[in-house]
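Enquirer: quick one, structure for this:
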Amino acid sequence: MQFINLCLSIPNLDTIIFYLIFVITIPAYLFASSDFESLKYYLPALVMAAVTLTESGKPDLFTNLYPTDCSVTTFSGFLSTNLINGLAIVGILMQALVISSATSSITLGLVSGLITFAITFPMAQQILPFFIREVDDLTKTIFRTNLHLIGNWHMYIAGLIFSIFLLGVQYVMLIGFTKYILSTGMKLI
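Expert: So this is what the prediction gives:
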């Protein structure tokens, strides 16, 4: 029992566990297995996972993982946010460079990088938390209770579903623009 109390008293334990699993273990496995195709899409998706966990875990869990409110950000939250953003940018650059190299089209690489950037940063950082909060309000309205729902599982599931939706939109846009640019032979650069 003392071990559990010790674990629960460690500050930022939830953030440390997130980093051990999602930032170190999974990318290391993808890198070791030479699955760079999955890695370049996984790294930008880390932002969506971190935003979902931070917004859904408020006020108790994942508060320093990816804080979006700059006025109350601690140093560990600032560091965590920028580390996750840096990894996402590395993934976006990898994706853009690989597509540009494979198709010999700088235009296609640029467009794919811009699409992924637009989905990863503005939409995941602004729209995803808004969607999660709205689902929480709607759930409380439907069940007509002001009580805190146990575990906020409805918010985690809403974040996961909307993240999958955003990744689907990104995929459709990438495929659509790839076909259009390659079929027309468009060259911007």
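
Enquirer: which of the residues in stretch 64-74 are buried?
Expert: Within stretch 64-74, the residues that count as buried by 16 or more other C-beta atoms under 10 Å are 64-67, 73. Heads up, the C-betas are built off the backbone N, CA and C, glycines and all.

Enquirer: no, scratch that, I was asking about stretch 50-66
Expert: So, applying 16+ other C-beta under 10 Å, buried residues of stretch 50-66: 50-58, 62-66.

Enquirer: among these, which ones are in strands?
Expert: Nothing among the buried residues of stretch 50-66 maps onto strands, per DSSP state E.

Enquirer: closest to residue 112 among the buried residues of stretch 64-74?
Expert: residue 66 (24.2 Å; C-beta to C-beta).

Enquirer: isn't the closest one up against residue 79?
Expert: No: judged on C-beta atoms under 8 Å, residue 66 makes no contact with residue 79 at a distance of 11.1 Å.

Enquirer: circling back: closest to residue 183 among the buried residues of stretch 50-66?
Expert: So of these, ranked by how close each gets to residue 183 (C-beta to C-beta), first place is residue 51, at 35.2 Å.

Enquirer: mind listing what the closest residue to the closest one other than its chain neighbours touches?
Expert: Counting by C-beta to C-beta, 6 or more residues apart in numbering, residue 128 is the residue found nearest to residue 51 once chain neighbours are left out, at 5.1 Å. Residue 128 makes contacts with 48, 51-52, 55, 159, 162-163, 166, as judged by C-beta atoms under 8 Å, 6 or more residues apart in numbering.
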